[in-house]
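Participant: Just a sequence and a predicted model for now, questions to come.
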Amino acid sequence: MSGARIKAPRGTFDVWGEEAGRRARLEAAARAILEGAGYERIETPAFEATELFARGVGESTDIVQKEMYTFEDGSGRSLTLRPEGTAPVCRAYVEHGMHKRAAPVKLWYLGSFFRYERAQAGRYRQFWQVGVEALGSEDPAVDAESITLMCALLEEMGVREGRLRVGSLGSGESRAEYRERLRAHLRAHEYELSAEVRGRIDSNPLRAFDSDHPGTRAVMESAPRLMHHLEREDREHFEAVCALLERAGVAHEVDDTLVRGLDYYTRTVFEYSSEALGAQSGVGGGGRYDGLVQELGGPRTPGIGWAAGVERMLLAGREPPARTGSLELYVGTSTGAPDAGAGRGAHAEARGAAFELLRDARSAGLSAQMEMAGRSPKGQRNHAHRVGARYLALVGADDRASLRDMEDGGERELAAAEVVHAVLQGLRRLS
């Protein structure tokens, strides 16, 4: 008796076939753009000490309060599957003494992350992100470069109907004073707010700007704006970032209601959205976090970074062009797969010669595959067409082969040992 079918957990997914190819193209694009700008790849563990996110991300955030996958290991230590990438990178920066390297230390990552939230199109409980972190410099040029690189990647992936918003959360005394003004405004309208926002008036009043609750949104229309209360240095820093984005030709709009869902952000914040995604339009975003490394036990270290959702980029991106001619040679046998009798010996001989040809083709740098499903010669021709092969070689037991040009239909007989040279010559004529 067969067992019951087992499905992947809700909010997770399998990646294979063309989807795997699209992700590979995204990774290649990210590597070219980010490493070309001096960013090094970093990989952090899939799980970290829970304290890292409680201290780094913030106790009052939705991530820490509602969305983390937390468990105890065999020694009773509390561990959490990483819900975001910045805190782990900063932990690695402190642990490995990266502050001793020349600033800014530029790092990028691509990996899976985990949050327990309502699964929907483009939003999963296990999801992938590509992100960058630049640590050790508070120069506005680092902010502008970071934003520009994110936009370059999204543009490369063909993300449609994009919109970049930028803002500043300030720092220092002006931010503390603004929080008190905002708390006073929220308390004056407390009974018009959602229960969630009321519960965070003391701990994280800025998150009220993120609320979808109609009453809260009405209250926030008349709320004071932090960007109107920035200290001079913070205001000049933000103006410098915007001026550099203008010089780089990066279209953006200043949004004085923009906040991010994590407690560590200071000064510059930004978010890229795509109307092609509907209500859940966020594709990527980030900001500056000048106090996070120090909060995690390191020296005072300014930093800025962003993350973009892989699934959301692929959903919002244009369909890639159809793959054509990526396979240069498909190797089969002219004998097919005989049922029994004397034909088996001839087929075994032809199959051995075909396998040898496959090895020679790959050694010569050709992309090559071999028939391994027992198709007839006609079936092999059909399959070579399906997989986009440029040439098809059917090898016989006598070390002879027929080489077919799948594009123009031309076919000729030759020795199996001459096939690789003939294919290379044909490809050179096309280039």
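Facilitator: Alright, I've got the coordinates.
Participant: Please name the residues that touch residue 406.
Facilitator: Shown here is residue 406, whose contacts under the criterion Cβ atoms under 8 Å, 6 or more residues apart in numbering are 384, 385, 389, 390, 391, 392. In short, each C-beta sits where N, CA and C put it, glycine included.
Participant: where does this structure dip in pLDDT?
Facilitator: 1-2, 59-62, 122, 260-263, 319-325, 336-343, 431 (pLDDT under 70).
Participant: Which parts of it are helices?
Facilitator: 17-36, 50-56, 62, 86-95, 140-156, 172-188, 195-198, 214-221, 232-247, 292-295, 310-316, 343-363, 377-386, 419-430 (DSSP state H).
Participant: Export those helices as TSV, with columns for distance to residue 205 and mean neighbour count.
Facilitator: As requested, those are exported to TSV (distance: least, Cβ to Cβ, whole Å; neighbours: other Cβ atoms under 10 Å):
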stretch	distance to residue 205	mean neighbour count
helix 17-36	35	15
helix 50-56	20	19
helix 62	15	20
helix 86-95	22	22
helix 140-156	25	21
helix 172-188	5	15
helix 195-198	8	15
helix 214-221	11	15
helix 232-247	19	16
helix 292-295	20	21
helix 310-316	28	23
helix 343-363	62	17
helix 377-386	59	16
helix 419-430	64	14
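Participant: Throw these into JSON lines and include distance to residue 113, thanks.
Facilitator: Shown next, in JSON lines, are those (distance: least, Cβ to Cβ, whole Å):
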{"stretch": "helix 17-36", "distance to residue 113": "15"}
{"stretch": "helix 50-56", "distance to residue 113": "11"}
{"stretch": "helix 62", "distance to residue 113": "14"}
{"stretch": "helix 86-95", "distance to residue 113": "10"}
{"stretch": "helix 140-156", "distance to residue 113": "17"}
{"stretch": "helix 172-188", "distance to residue 113": "28"}
{"stretch": "helix 195-198", "distance to residue 113": "23"}
{"stretch": "helix 214-221", "distance to residue 113": "28"}
{"stretch": "helix 232-247", "distance to residue 113": "27"}
{"stretch": "helix 292-295", "distance to residue 113": "17"}
{"stretch": "helix 310-316", "distance to residue 113": "10"}
{"stretch": "helix 343-363", "distance to residue 113": "37"}
{"stretch": "helix 377-386", "distance to residue 113": "36"}
{"stretch": "helix 419-430", "distance to residue 113": "42"}
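Participant: Of all those, which one is nearest residue 108?
Facilitator: helix 17-36 (4.4 Å; Cβ to Cβ).
Participant: quick one, the closest one and helix 140-156 angle?
Facilitator: Orientation check (axes from the mean of the first three to the mean of the last three Cα atoms, to 10 degrees): helix 17-36 against helix 140-156 gives 150 degrees.
Participant: packing partners for helix 17-36?
Facilitator: Here helix 17-36 touches strand 105-114, strand 126-135, helix 140-156, helix 310-316, going by 3 or more Cβ pairs under 8 Å, 6 or more residues apart in numbering; DSSP states H and E.
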